[in-house]
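I'd like to go over a predicted model; first the sequence, then the structure.
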Amino acid sequence: MSGTTYPSSTREFAQIRGELSPQTEAAFQAFSKAVFTDGALSAKTKQVIAVAVAHVTQCPYCIRGHTKAALRQGASKKELMEAIWVAAEMRAGGTYAHSVLAIDEMEKAATAKNL
């Protein structure tokens with residue numbers, strides 16, 4: 001393991017994961033392949049979406065892997081950066097939208113004090 005927070009994703013780790021749960025690993029790989037195949041959305045579009053989602057979930061392995069895959073599918077750097085900005089807005093938007101929960105509690109507390 002290197003001095004980073006996350007160890008590098010290696011073939012050895014993938015092999016161990018497969019050995020520990022071969023049927024589940026095979027099912028996951030088949031599912032992943034099916035998800036990222038051209039359909040109503042192109043494989044490129046799906047990979048660009050995956051880059052955005054990976055930033056929201058903050059998975060460093062997913063960020064790297066799906067960025068590489070998106071580039072292989074023909075995504076441009078500008079497309080990827082726009083998708084990342086969309087992810088940032090959605091993450092911030094979630095915080096903004098959920099602020100009503102805190103405001104609701106503050107209002108309840110203020111009302112309770114005034115009773």
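Looks like it arrived, so ask away.

Quick one: mean pLDDT for the helix or strand hosting Lys44?
Assigned by DSSP states H and E, Lys44 belongs to helix 43-57. Per-residue pLDDT over helix 43-57 has a mean of 98.

Give me the angle between the helix or strand that comes right after it and helix 43-57.
For helix 43-57, the succeeding helix or strand toward the C-terminus, using DSSP H and E, is helix 60-72. For helix 60-72 against helix 43-57, the angle by axes from the mean of the first three to the mean of the last three C-alpha atoms, to 10 degrees is 160 degrees.

Just list what the next helix-or-strand element following helix 60-72 packs against, helices and strands only.
Later in the chain than helix 60-72, the nearest helix or strand by DSSP H and E is helix 77-113. Here helix 77-113 touches helix 43-57, helix 60-72, going by 3 or more C-beta pairs under 8 Å, 6 or more residues apart in numbering; DSSP states H and E. Every residue, glycine included, has its C-beta placed from N, CA and C.
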